[in-house]
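> here's a sequence, model it:
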Amino acid sequence: LREGALCAAVNDLEEELAHSGVDSVAYEVSVESLEQSLAGKDLRCHSGRVCHTRAADGLYQCLLDDTFLHVQGELTGALLGKYTGGVVGFFDNGNKSVEHCAFLGILTGKEYTGGIVGEINKLGQIKQCVNYGNINGANRTGGIVGKVNYVDDEPWVNECVNVGPVTASHFVGGIAGYISADGNEGKDWIKVARCGNYGTIIASSSDGGCVGGLVGKCDTDKIRVNNGANHGTIIGKGAFKGIGGIAGSLGDDADVLTEWDNVHVYECVNTAAVYSDKTKKCHIGGIVGYLEEGDEGSDDTNSQVNDCYNCGPIGPTSEATHGGIIGHCDYYTSLRRCINYGDTGDKGESMIGTVVDAGIVHDSNLYHLEGTGDDEGRNWSSTPFTEDKMRELSTFSGFSADTWKIGVQTHLRDNKKRAILKDCPFQNLL
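Below you'll find the model as predicted:
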């Protein structure tokens, strides 16, 4: 980025802030390259463009090709607008994308608060962005984006990482706080792909909140979360619908028994503690807290959680039964090739905490470390294994070598050899 262009951008920013009613803002804008090791890619070889499209609270900058925008600062006090982002407050610009951006500092907002973007609308995408900052917000707050809204075409959050702590209320996620859709029958899948969270996520709720390592809540169908990892402690304070290592609650509740193509979660990992600090009823899962219904038409149309594993302790103080993989599932769920290594306490189940009355679970090839929960529950069963067997291929029947690596050295908290995923870029702590 040319020096003159950068100076002009900073001058524009100063003028914008001078008329925005912000009480006290300290900031620094610079163009830097992202450490290549973060995602195993040279991000500098890509081009990115961020455009400001409507009044918002975020710092923003139009990027030239082959650049990386690093925003460092503290935004506190009277952030008057509805949307607050470390880089962009509200992004509503056709098929453009927010790429290769980072925020480092303290961000304090209200509703729709994100470390990179407050809300992204229509078919915009967020790619290869990182939040290092401390994010504080209200409802719909995320480490990367507060709200993703599907209007015209598929939104996509891809290869993003949150490192900083996130503290907010109701719908809160390490990557995305809340995902929704405005109509659009026949839409494509909303994707949260190849993302990682390392920050502690703390959410408070008086009723029906949702908090997750990657996604807080998605209340629309066709949500796909894949190849993601959470290493940050997830804490729900109060009354919650769902608390999950990967997602709090996923899928459209259609008020009927079935919903076609509702939820797909695959190749995801949780290694951190997931719990509520209260004894009030809530559904807690190592991967998903609350999974909405699928469809009985075929196995492919069930709500699915496949090829996932959990290593973190789950729900030590929850009143409701909780699960190593899913806290609660509605009608027509598919759960296949999953492993639970994490302790679920006295009230927990190794796989699924609770299943709705008359709910159908299509299960196969489920395994749990001995002592981490019961061997079976309503319409599902899991095979226990001992610690000395978790590094052997013969222990895990039906697991594909294209998806899993068995008995390899890991960089997880206990550093033990175990079955891990082959293609999950942020599953290791190192």
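
> in the chain, which helix or strand is least confident?
One helix or strand of the chain scores below all others by mean pLDDT, DSSP states H and E: strand 24-31, with a mean of 30.

> poorly predicted segments of the stretch 301-430 of the chain, please.
Within the stretch 301-430 of the chain, the stretches with pLDDT under 70 are 316-320, 408-415, 430.

> can you give me the strands for it?
For the stretch 301-430 of the chain, applying DSSP state E, counting those that start in this stretch gives strands covering 303-306, 309-310, 326-329, 333-340, 352-355, 361-369, 376-377, 380-381, 383-385, 404-408, 418-421.

> contact partners of the third one?
Going back to what we said before, that points to strand 326-329. Residues outside strand 326-329 that contact it (CB atoms under 8 Å, 6 or more residues apart in numbering): 242-244, 282-285, 287-291, 303, 305, 315, 320, 333, 335, 351-356, 359, 361. All C-beta spots, glycine's among them, are computed from the backbone N, C-alpha and C.

> which neighbours in the sheet does that strand have, and how are they oriented?
Strand 326-329 has its sheet partners listed here by DSSP bridges as strand 288-291 (parallel), strand 352-355 (parallel).

> who wins for proximity to residue 200 among the strands of the stretch 301-430 of the chain?
strand 309-310 (17.5 Å; CB to CB).

> just checking: what are the partner strands of the closest one?
strand 269-270 (parallel), strand 333-340 (parallel).

> from the chain's centre, how far out does the shortest one sit?
Going by CA atoms, centre = their mean, to the nearest Å, the spacing between the C-alpha centre of strand 269-270 and its chain's C-alpha centre is 11 Å.

> same check on stretch 113-130?
The answer for stretch 113-130 is 13 Å, by CA atoms, centre = their mean.

> just the C-alphas of that stretch, formatted as CSV.
Taking C-alpha atoms only, stretch 113-130 is exported to CSV below (Å, rounded to 0.1, in the frame of the first residue of the first chain):
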residue,chain,number,x,y,z
THR,A,113,-20.4,-7.0,17.7
GLY,A,114,-17.5,-8.8,16.0
GLY,A,115,-13.7,-8.8,16.2
ILE,A,116,-13.6,-8.2,12.4
VAL,A,117,-17.2,-7.5,11.3
GLY,A,118,-20.3,-6.5,13.2
GLU,A,119,-22.7,-8.0,10.7
ILE,A,120,-22.2,-9.4,7.2
ASN,A,121,-25.2,-9.4,4.9
LYS,A,122,-26.3,-11.1,1.6
LEU,A,123,-23.5,-13.1,-0.1
GLY,A,124,-20.5,-11.5,1.4
GLN,A,125,-17.7,-13.7,2.7
ILE,A,126,-15.1,-13.5,5.4
LYS,A,127,-11.8,-15.2,4.7
GLN,A,128,-8.5,-15.7,6.5
CYS,A,129,-9.0,-13.1,9.2
VAL,A,130,-7.7,-13.2,12.8
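
> sorry, back to before: let's have the strands of the stretch 301-430 of the chain in TSV, adding distance to residue 90 and mean neighbour count.
TSV is the format used below for these (distance: least, CB to CB, whole Å; neighbours: other CB atoms under 10 Å):
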stretch	distance to residue 90	mean neighbour count
strand 303-306	31	25
strand 309-310	35	30
strand 326-329	33	33
strand 333-340	36	26
strand 352-355	37	26
strand 361-369	40	20
strand 376-377	44	18
strand 380-381	43	18
strand 383-385	49	16
strand 404-408	41	16
strand 418-421	35	21
